[in-house]
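> sequence first, predicted model second:
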Amino acid sequence: LAVQSMFMKQRASLGVGSVQQMSLNFVLTGNPGTGKTSVARKMGEVLRSLDILPTSNVIEVSRSNLVGKYMGETPKNVNNACDRAMGGILFIDEAYTLCAENDNYGQEAIDTLIKRMEDDRGKFVVIVAGYLDRMEEFLNSNPGLNSRFTNRLHIDDYSEIELLDIFKQMADKQQYQLSEEAEVKLMEVVSTM
């Protein structure tokens with residue numbers, strides 16, 4: 001990402017192309033609790049620090065924010081979300097909920113999003129997130145989607161040791177210390193998850 005950004009900036013400084021032509025849309029996949037939303041928020045900071053985006057704003061939306069209840073409302077909702085994300089990131093959690101079978105409103109949201117991603121390329125970044133298999137269905141639901149999401153990141157589940165370390169850090173922040181017996185019991189609980 002950083003190398004691609006520097007390359008595009010160098011080309012722009014030579015008068016060949018522009019940074020705004022760069023399309024940096026992401027697909028984040030992983031199970032609940034793996035940190036997809038946190039990664040999206042951090043991406044705002046990273047892209048801002050690399051001067052790829054003018055702000056670190058991340059606008060978080062889901063199906064309920066994008067899909068309207070009556071005809072004509074969905075494009076307005078999607079365009080409003082894109083307008084709010086200008087200069088930053090539009091983060092769509094559980095994006096696959098937009099592509100249910102026979103869901104005209106969801107399809108209308110996808111079509112409007114694709115148009116905005118093309119019309120405003122380089123002016124904002126779209127990050128979609130969800131379960132790996134469901135996100136593949138989402139990307140394959142429309143020929144225009146797959147080509148617009150060129151960056152993909154899968155976040156694996158935490159290991160038992162990582163979960164134990166996270167819990168211990170959280171306890172430490174609250175000034176709790178775990179006894180050896182408590183750690184053993186916690187590990188038993190974590191290993192049955």
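Everything's here; your move.
> before we move on, which element is the spatially most central residue of the chain in?
Nearest to the mean C-alpha position of the chain, by CA atoms, centre = their mean, lies residue 127 at 3.3 Å. Residue 127 belongs to strand 125-130 when elements are defined using DSSP states H and E.
> and that strand, what's buried?
Of the residues in strand 125-130, those with enough neighbours to count as buried (16 or more other CB atoms under 10 Å) are 125, 126, 127, 128, 129, 130. Yep, even glycine has a C-beta here, placed from its N, CA and C like the rest.
> return the list of strands paired to it, each annotated with direction.
strand 26-29 (parallel), strand 89-93 (parallel) (DSSP bridges).
> with only the CA atoms kept, save the longest one in PDB.
The C-alpha coordinates for strand 89-93 follow below in PDB (Å, rounded to 0.1, in the frame of the first residue of the first chain):
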ATOM      1  CA  ILE A  89     -13.500   6.000   4.400                       C
ATOM      2  CA  LEU A  90     -17.000   4.500   3.900                       C
ATOM      3  CA  PHE A  91     -17.000   1.300   6.000                       C
ATOM      4  CA  ILE A  92     -19.900  -1.200   5.200                       C
ATOM      5  CA  ASP A  93     -20.200  -3.900   7.800                       C
END
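> following it in sequence, what is the next regular element?
helix 104-119.
> what angle do that next one and strand 125-130 make?
Orientation of helix 104-119 against strand 125-130 (axes from the mean of the first three to the mean of the last three CA atoms, to 10 degrees) gives an angle of 150 degrees.
> dump helix 104-119 to PDB, restricted to CA.
Listed next in PDB are the C-alpha coordinates belonging to helix 104-119 (Å, rounded to 0.1, in the frame of the first residue of the first chain):
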ATOM      1  CA  ASN A 104     -34.400  -5.200  -5.300                       C
ATOM      2  CA  TYR A 105     -33.500  -2.600  -2.700                       C
ATOM      3  CA  GLY A 106     -30.200  -4.200  -1.800                       C
ATOM      4  CA  GLN A 107     -29.400  -4.500  -5.500                       C
ATOM      5  CA  GLU A 108     -30.300  -0.800  -5.900                       C
ATOM      6  CA  ALA A 109     -27.800   0.000  -3.000                       C
ATOM      7  CA  ILE A 110     -25.000  -2.000  -4.700                       C
ATOM      8  CA  ASP A 111     -25.700  -0.400  -8.100                       C
ATOM      9  CA  THR A 112     -25.600   3.100  -6.600                       C
ATOM     10  CA  LEU A 113     -22.400   2.300  -4.600                       C
ATOM     11  CA  ILE A 114     -20.700   1.000  -7.700                       C
ATOM     12  CA  LYS A 115     -21.600   4.200  -9.600                       C
ATOM     13  CA  ARG A 116     -20.300   6.400  -6.800                       C
ATOM     14  CA  MET A 117     -17.100   4.400  -6.500                       C
ATOM     15  CA  GLU A 118     -16.500   5.000 -10.200                       C
ATOM     16  CA  ASP A 119     -17.600   8.600 -10.400                       C
END
